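J.: have a look at this fold, sequence not included:
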């Protein structure tokens, strides 16, 4: 039997960009898994300790190696997969880079135990740095077991560079999950610090998706398949209603390798266009099978980035296949007779109205037709120009009756609230005399010294909570309302590890959370300003938003969490506020450092000066 | 159907039951009140299909019959009339109703009594005789802590548990809980848990008459029968959370204080608490209770010291002032006892003196203080 | 109403009867299929049989419960549909509590229309979605004890009209089923429902109606003339609701227009053709144009059938024109013509300028009919 491992010819070796394969524990796991898959394994076990820093062990039942192969495997650019440069052009196996084992051995203590079908005894090798420290024979089932200990023991800088334990573990979990989805026929067994995270029997693709993402997701999936000369494309799409708030669950595999391609993601999003709300992302698993000649898999050593020979063709194909799958499943809206009738008549009416409005406006003042006139051109930026344009003290006091002027001036607000809880009738009576109104359950309008102030209630509250949370991270700690009946919430595996990772921060935020294992989180206390009944929802929302922000490039965990929580815990457009709630909101808004801009940069307050109103009414 | 009555008497009774009439309903018949005359007895029935109320009064009847009368129209008319005698005359054939006073005649159209839903009849093997004052007391002490979270329907009602000679009334919204146990009742045949919708409780407390009342119930309905008035309500058929398991037994730190002094101190201090969290703190040392609040946002701060009896180790616990005020206002004893265990566990509050055969327990979840 | 008065759906009826017979009743059923095919008729009948005192799979129509179902005023059966948003409506309000008198009157009228005609589509002005308070009402009503024997049935018409809030709230109710409570949902847009809701319902797939079924029902139930009934059934795309509406329109006139249009397309008088297109585009609205295009398509389809098989039965009023046409353009590529109309309809949906659609269509049709003929 010929030796399976070859040393790459220098020409070939050079052609492969010299890169660092081993960046973090997850890359080790990825390389080892790919080797196992290449060796035709049908069962792969991954065991990690301390997020891979202490131990990574990958055991498979693949071909195994002969003694010669085993020794050779640790030499740089030894690979059993590529012989000639022409082979590189048609890379069909995953771990073609050959340098994996050698690179790993360079930064960790590696043990290899392997037996091929033809050998009676297994070879045991212990490698440290470049040296073979030990080589013995022992018994083993057919297959290979590689143990990587003390990763980066000899490169402290790299070791220090590692992220938080939970982050590293999550990266590993992502790698294993992706491989498991891509290779459903393989049995997977994944253990981290004695906790079984995955135990998957060999199954169909559907079965695997269900096992990994949960039944609920799998039931909402649309399966699709399409083959043409260029490539074949198959996979699953989730119905738009199952869209996620973050991009966490999108997987693209090319020739069964996980890849990340902005182009492909964009094509899929494009197909979903109009079917998804802004800010939600479709869940999808996409398998591309493509002639290796058409892609350049060697762009980046970690092999996630892919270059296509003909981007636009592939883009178009993905777009049309995905769109077709969506259309076939009747997801695109169609206009029926009746709806059309109604719509067109409404349209006609609106047109008429706005025409009339336009004419009236033009004949009155000759001004352009913006609802807030000239200020709407700059309206978004204007309030942020100088925070001095409006101050709290500018809010007009009701002149006729000082008793009922802006209330927090005369009565302590908290007292008011307690009182009002007892006397709900009272507040409607006094409402008229206070110069604050809520319109469309969305905006608060108040009279200020020289005009009008309009506050967007949601973003205003968002700003308040955001600063409250940030300060509780910094110094004072939040109030946690303990719950009499703790809420048990089941979350996905990745959310579970996110909760684990963020637990400390979540606690500072005001969540009292216990992790119960098995993806179960028990909420025993909630931030005191979260409304009763939303305990369950608020946590999930915050997690989704967190991922979303993470993807959008917010790297500071605290800032991200504060933003996520603020966005989700804030009152929404559509929430009815009573007068006191509005007063409290405005009070707190002006206590913040930046009352004019929400944490996401949207304006909170729009001011319409009196002159503007005068102008509109032709009073100049 | 024909009878004569003083307008204000009719109005008085109508007001009691009209609270049930839905202001708008897709079932138009429900916007009526059913008038039934039998000799000199007029019976009025109103229902929203969840709760039915009926009341009877004496009239001078001259022609028996039954008709559904538009509630709003008849109430508005009575309200606008001066006190006067009314002859109420309805033709049950064509549902035309005439109300005749000395000077006027008011015609309205009713609906056939046939279309009016019947008050549910239910078989009850359980009947209890309860004083109005007890019913009032149960309702007033519990209703404030009934949940309004429609996602947990069970908690939106008052749990009544009957067992042997005992009745327990429980209400909770997940942040606080009230449990009242009545003992030494007449033996109750079935052991039963029922949940009464809070709407029924509110209606009863408005319509209640003094004296002794019969309460009868089955697993589907409960009926309160007063002298001239009955209220029948459907029950919430959900399982109530296991509240007993969350009432701590090991709360060994005892604080005894005057309820009024404590209540007014909490009210004062809470004025300075943050108006989003309403958090106040109890700090206890030997025979010394300090109540504190601070509003970081507005820089307000308040402290009060209260004489009390306390002998356990020093402890500090945070509460939502609103919850505490609610609880303290619904206890009628001169002094109250707090039982604490730790700053994250439920605190139990009990009156020191209780009526015979009555055991009141209130519980509030603390607001965790971070150190 | 009874099973037999519901048009078509034999398989579904059998399935529902079987469910009742077996007494293995799930807590939620989702009736899905195209608009206007009678999903709610099936759901209402199912609810009626579930509460019928006879206890069989056929409603007796004489018991108290059946009588009350005739007016849809049964206390155990609640109808849920989109309602206008109330002004100042608060959480937990009865969904109609703050609507105006006239709105409530509208709602009542719609219910009584629905009771009389199960194919009636409940339509209330400004009712854009099923409100959260309507779903809360279900939750509350479901949690209360029963007023009378029987099953509590909630029928949610067009469940896809629930907004996210409402759907989430319903989910809670579906997750924790209560004994004796059955929720029936209907939808013509199943995929707009959250998967979580779909997965908690037994699915009842309702197919489109057969043209013959519609035709028969139009003749027998609405007393519509056979020619019109046939045509309406053809154009209705399996929807009885559509068919009924179409049958009431003056399609004979429009069919004449279609023939005239074809004549102009194939003739030499371009100016007249352009005038006709102008007139069509200005006199008909988009749904009108769509209907007109479908008539054109049906005419072409009949021509295609005739082209393939001379024995094809044709509607009386078009017989002559189609025969002449097929005779004259033996080799016309009618399949491409039909596709061209299809494309025009698609463009219509995309809001393309009407003149352009019709002009393009005229050019295409002429090309497909004449070019192949000359070859």
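T.: Perfect, thanks for sending it. As the structure is a computational prediction, the values presented were derived from the model and not from experiment.
J.: separation between the closest residue to residue C:277 other than its chain neighbours and residue B:369?
T.: Closest residue to residue C:277 apart from its sequence neighbours, by CB to CB, 6 or more residues apart in numbering or on different chains: residue C:358 at 4.5 Å. Yep, even glycine has a C-beta here, placed from its N, CA and C like the rest. Distance check for residue C:358 against residue B:369: by CB to CB, to the nearest Å, it reads 75 Å.
J.: next: residue C:333.
T.: 83 Å.
J.: one more: residue C:282?
T.: Separation of residue C:282 from residue B:369 (CB to CB): 75 Å.
J.: give me the phi and psi for the nearest residue to residue A:115 once chain neighbours are set aside.
T.: Among residues not flanking residue A:115 along the chain, residue A:122 sits closest, at 3.6 Å (CB to CB, 6+ apart). With angles defined as degrees, to the nearest 10, residue A:122 sits at phi -90, psi 150.
J.: and the residue of the stretch 1-150 of chain C nearest chain A?
T.: residue C:35 (5.5 Å; CB to the nearest CB).
J.: and that residue, what's its pLDDT?
T.: Note on residue C:35: pLDDT of 87.
J.: do residue A:350 as well
T.: What the model reports for residue A:350 is a pLDDT of 33.
J.: what bits of chain C have low per-residue confidence?
T.: Counting by pLDDT under 70, chain C contains low-confidence ranges at C:250, C:312-317, C:372-375.
J.: flag every residue of it that's near chain B.
T.: Taking CB under 8 Å from any CB of the partner chain as the contact definition, chain C meets chain B at C:73, C:75, C:92, C:94, C:96-99, C:101, C:104, C:107-108, C:111, C:136, C:139-141, C:143-148, C:169, C:172, C:178.
J.: swap in 6 Å and give it another go.
T.: Contacts of chain C with chain B, taken as CB under 6 Å from any CB of the partner chain, map to C:75, C:96, C:97, C:104, C:107, C:136, C:139, C:143, C:144, C:145, C:147, C:172.
J.: what's the separation between the residue lying closest to residue C:150 once chain neighbours are set aside and residue A:450?
T.: Here the nearest residue to residue C:150 in space, its sequence neighbours aside, is residue C:51; by CB to CB, 6+ apart that works out to 4.3 Å. Going from residue C:51 to residue A:450 by CB to CB gives 66 Å.
J.: those two: who's more crowded?
T.: Neighbour totals were compared for residue C:51 and residue A:450, and residue C:51 leads with 25 against 14 (other CB atoms under 10 Å in any protein chain shown).
J.: which residues touch the more buried one?
T.: Applying CB atoms under 6 Å, 6 or more residues apart in numbering or on different chains, we find residue C:51 in contact with C:65, C:76, C:150.
J.: give the contact list for the first one.
T.: Spelled out, that is residue C:65. Counting by CB under 6 Å, 6+ apart, residue C:65 touches C:51, C:52, C:53.
J.: likewise the second one?
T.: Neighbour list for residue C:76: C:51, C:150, C:152 [criterion: CB under 6 Å, 6+ apart].
J.: could you look up the SS state of the residue in the stretch 251-375 of chain C that chain A sits nearest to?
T.: For the stretch 251-375 of chain C, the residue closest to chain A is residue C:287, as judged by CB to the nearest CB, at 4.0 Å. With DSSP: H, G, I helix; E, B strand; the rest coil as the basis, residue C:287 sits in helix.
J.: any idea how far it is from residue A:550?
T.: Distance, residue C:287 to residue A:550, using CB to CB: 47 Å.
J.: then residue A:197?
T.: Counting by CB to CB - residue A:197 and residue A:550 are separated by 21 Å.
J.: run a quick neighbour tally on the residue nearest to residue B:151 when sequence neighbours are not counted.
T.: Closest residue to residue B:151 apart from its sequence neighbours, by CB to CB, 6+ apart: residue C:172 at 5.5 Å. Look at residue C:172: counted by other CB under 10 Å, it has 14 neighbours.
J.: check residue A:260 too.
T.: Using other CB under 10 Å, residue A:260 has 14 neighbouring residues.
J.: how about residue C:332, what does it touch?
T.: So residue C:332 contacts residue C:369 (CB under 6 Å, 6+ apart).
J.: correct me, but residue A:505 touches residue A:559?
T.: No: Residue A:505 sits out of contact with residue A:559 when judged by CB atoms under 6 Å, with a separation of 10.7 Å.
J.: for chain A, give me its nearest residue in chain C.
T.: As assessed by CB to the nearest CB, chain A sits closest to residue C:195 within chain C, at 3.2 Å.
J.: counting neighbours, what do you get for that residue?
T.: 18.
J.: what does residue A:558 give?
T.: 15.
J.: and residue A:516, by the same measure?
T.: When neighbours are counted by other CB under 10 Å, residue A:516 registers 13.
J.: for the one 5 residues further on, same thing?
T.: For residue A:521, the count of nearby residues is 25 (other CB under 10 Å).
J.: can I assume it sits in a helix?
T.: No: under the criterion used here (three-state DSSP), residue A:521 is strand, not part of a helix.
J.: what's the distance between it and residue A:492?
T.: In terms of CB to CB, residue A:521 sits 11 Å off from residue A:492.
J.: now do the shared contacts for those two.
T.: Counting by CB under 6 Å, 6+ apart, residue A:521 and residue A:492 have no shared contacts at all.
J.: longest strand in the chain, please.
T.: Answering for chain A, as no chain was given. Assignment by DSSP state E gives strand A:480-490 as the longest strand of chain A.
J.: nope, chain C
T.: As assigned by DSSP E, the longest strand anywhere in chain C is strand C:181-187.
J.: and that strand, what does it pack onto?
T.: strand C:28-32, helix C:39-51, strand C:152-156 (3 or more CB pairs under 6 Å, 6 or more residues apart in numbering or on different chains; DSSP states H and E).
J.: and the contacts of the first one?
T.: Residues lying outside strand C:28-32 but in contact with it, judged by CB under 6 Å, 6+ apart, are C:39, C:42-43, C:174, C:183-187, C:190, C:200-204, C:206.
J.: from these, pick the one nearest residue B:207.
T.: residue C:183 (34.5 Å; CB to CB).
J.: what residues are bridge-paired with that closest one?
T.: residue C:28, residue C:154 (DSSP bridges).
J.: for burial, what's the neighbour tally of it?
T.: Neighbour count of residue C:183, defined by other CB under 10 Å: 26.
J.: roughly how far does it sit from residue C:135?
T.: From residue C:183 to residue C:135 the distance is 10 Å (CB to CB).
J.: let me know the average pLDDT across stretch A:455-465.
T.: In this model, stretch A:455-465 has a mean pLDDT of 89.
J.: wait, a strand at residue B:61?
T.: Yes: assessed with three-state DSSP, residue B:61 lies in a strand.
J.: and residue A:600, which helix or strand is it part of?
T.: Assessed by DSSP states H and E, residue A:600 sits outside every helix and strand.
J.: helix/strand/coil for the closest residue to it other than its chain neighbours?
T.: Take residue A:600 and drop its neighbours on the chain: the residue closest to it by CB to CB, 6+ apart is residue A:563, 7.1 Å away. Put simply, residue A:563 is helix when judged by three-state DSSP.
J.: who in the stretch 51-200 of chain B is up against chain A?
T.: Residues of the stretch 51-200 of chain B lying near chain A (CB under 6 Å from any CB): B:149, B:151, B:174.
J.: return the closest of those residues with respect to residue A:514.
T.: Relative to residue A:514, the closest of those is residue B:174; by CB to CB it sits at 17.0 Å.
J.: the closest one: what's it in contact with?
T.: By CB under 6 Å, 6+ apart, the neighbours of residue B:174 are A:483, A:484, A:485.
J.: got CSV for those residues, with distance to residue B:288, neighbour count and pLDDT too?
T.: Below are these laid out as CSV (distance: CB to CB, whole Å; neighbours: other CB atoms under 10 Å in any protein chain shown; pLDDT from 0 to 100):
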residue, distance to residue B:288, neighbour count, pLDDT
A:483, 30, 19, 87
A:484, 29, 19, 87
A:485, 33, 19, 87
